[in-house]
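Enquirer: the following comprises the amino acid sequence and a computationally predicted model.
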Amino acid sequence: MFADLKTQLNVIAALTIRELQSLMRSYNYGFAWALFEPIMFIGLMRLARKAFSGLSPPNMAPTTFLVVGIIPFYLYVAAVGSVYKAIAAPDSMLQFPRITPVDVAIASACSDFCIYITIYAIFLIPASISENAFPPENALKLLVVVLTIWTMGMALGFVVGTAARVFPPIKQFVGYYNLVNRMAGGMLFVITMIPSAYWPYLTWNPVLHCSEMIRDAWFSVYTSPVASPLYVFYWIVGLLLLGLSLERYQRRVPYV
């Protein structure tokens, strides 16, 4: 059993290296865009907060506040997209007997994690040092929550990827879902900036809970009144069970 598991982990590691190398060969459309898009978004939000000072979070370094929340969200979106594409469409590597769509999907998500965690460190550490917001209050908690939001992205990717095998227009749903999460996922705010009357409508979203826990882990001045690790755990388990079950069932369905 353990030998088979080790072999499968080696397969995933080799596929992850392959994914990273393919991005390096298409640098302008790989790492460059992964760097440029979140930086551009952070810059725009920083300008907006200078123009509208009421949007700034109280007692938190503004640039650090944005970086610490935005890049994990982009990691989440990238994990959803990578797993969705790997499950919904065939890959040439599936011709090899030891490789399954799940292996390809996990490898794609792992390559995203490597890229975005590097970007996170490159931009978050200098920004927080310049604003006297370094080090984080709880670095271990921060890493665990980033891993959690990445895992949740993979879990959702399995669900929508398998659904796309029989209903391709679900791709539009993914785009709308990401748009809603940009506004309601806590990427640009903490819950205390919102009137408490709206909290019950926002806290159904597990991405918001992750964003709250990330800010809670970094800033000593902030303690989230709504973040629930158990709620996020339930979502991850439910999505993984559903997605992996659907993927297993649909292996008998040919790609179209």
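Expert: Alright, I've got the coordinates. Numbering: from 1, shown residues only.

Enquirer: count the neighbours of residue 223 for me.
Expert: Residue 223 is flanked by 12 other residues according to other Cβ atoms under 10 Å. In this view, the C-beta of every residue, glycine as well, is placed from N, C-alpha and C.

Enquirer: residues contacting the residue nearest to it when sequence neighbours are not counted?
Expert: Using Cβ to Cβ, 6 or more residues apart in numbering and skipping residues adjacent in sequence, the residue nearest residue 223 is residue 216, 6.0 Å away. Taking Cβ atoms under 8 Å, 6 or more residues apart in numbering, we find residue 216 in contact with 137, 141, 222, 223, 224, 227.

Enquirer: buried residues, the host helix or strand of the second one. List them.
Expert: Here residue 141, judged by DSSP states H and E, is contained in helix 139-166. Judged by neighbour count using 16 or more other Cβ atoms under 10 Å, the buried positions of helix 139-166 are 141-142, 145-146, 148-165.

Enquirer: and what of stretch 225-237?
Expert: Within stretch 225-237, the residues scored as buried using 16+ other Cβ under 10 Å are 226, 227, 232, 235, 236.

Enquirer: need the contact partners of it.
Expert: So stretch 225-237 is contacted by 148, 151-152, 155, 191-192, 199, 203, 206, 208-210, 212-213, 216 (Cβ under 8 Å, 6+ apart).

Enquirer: hmm, which two among the residues you listed are most spread apart?
Expert: Within the contacts of stretch 225-237, two members stand farthest from each other by Cβ to Cβ: 155 and 192, at 28.3 Å.

Enquirer: do a quick rundown of the helices in the stretch 101-250 of the chain.
Expert: Here the stretch 101-250 of the chain has its helices, by DSSP state H, counting those that start in this stretch, at 101-130, 139-166, 170-184, 199-202, 206-218, 229-250.

Enquirer: the inter-axis angle of the first one versus helix 206-218?
Expert: Helix 101-130 runs at 40 degrees relative to helix 206-218, counting by axes from the mean of the first three to the mean of the last three Cα atoms, to 10 degrees.

Enquirer: helices or strands up against helix 101-130?
Expert: The criterion is 3 or more Cβ pairs under 8 Å, 6 or more residues apart in numbering; DSSP states H and E, and the helices and strands that helix 101-130 contacts are helix 2-25, helix 31-51, helix 62-88, helix 139-166, helix 229-250.

Enquirer: now with 7 Å, please.
Expert: In terms of contacts (3 or more Cβ pairs under 7 Å, 6 or more residues apart in numbering; DSSP states H and E), helix 101-130 is packed against helix 2-25, helix 31-51, helix 62-88, helix 139-166.

Enquirer: run the chain-centre distance for the last one.
Expert: Read that as helix 139-166. In terms of Cα atoms, centre = their mean, to the nearest Å, the centre of helix 139-166 is found 6 Å from the chain centre.
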